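What would the 3D arrangement of this be:
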Amino acid sequence: MANVALASWLHEHISTAVFAKSVEDRIPIEIITKANSSLGKIYFFTNIRNLTGDKVTHRWSYRDKVKAEISFNLKEKRWRVRG
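Reported below is the predicted structural model:
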């Protein structure tokens, strides 16, 4: 499988949005900028600000089919999640 470049995630309330090989102590470890089938398990990490009370969904799609959806209720001004 060819390498796939991962998109840039720009939004006024998202200060960080990256794919990583792991997340430790709420910090993404080994950030991934290109992916291929050899990576195995990866995480999508987001650092969201100023959306307390809102709900955010990480949606994983492959070949136009939704493979997983993980929703988060944002309970504080700064919320860091991995999906």
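
Quick one, grab the pLDDT at residue 49.
In the prediction, the pLDDT value recorded for residue 49 is 90.

Is it correct that it is in contact with residue 15?
Yes - if you go by C-beta atoms under 8 Å, residue 49 and residue 15 touch, sitting 5.8 Å apart. Any C-beta I mention is one placed from the backbone N, CA and C, and that applies to glycine too.

More neighbours: the two, which one.
The residue with more neighbours, out of residue 49 and residue 15, is residue 49; 16 against 13, by other C-beta atoms under 10 Å.

need the contact list for that one.
Shown in contact with residue 49 (C-beta atoms under 8 Å, 6 or more residues apart in numbering): 13, 14, 15, 77, 78, 79.

Out of these, who's the most crowded?
Using other C-beta under 10 Å as the neighbour criterion, residue 79 leads the contacts of residue 49 with 19 neighbours.

right, and that residue touches residue 72 too?
Yes - using C-beta under 8 Å, residue 79 makes contact with residue 72 at a distance of 7.1 Å.

returning to what we had before: from the contacts of residue 49, pick the one nearest residue 39.
residue 14 (22.7 Å; C-beta to C-beta).

Model confidence score at that closest one, please.
Per-residue confidence at residue 14 stands at 83 (pLDDT).
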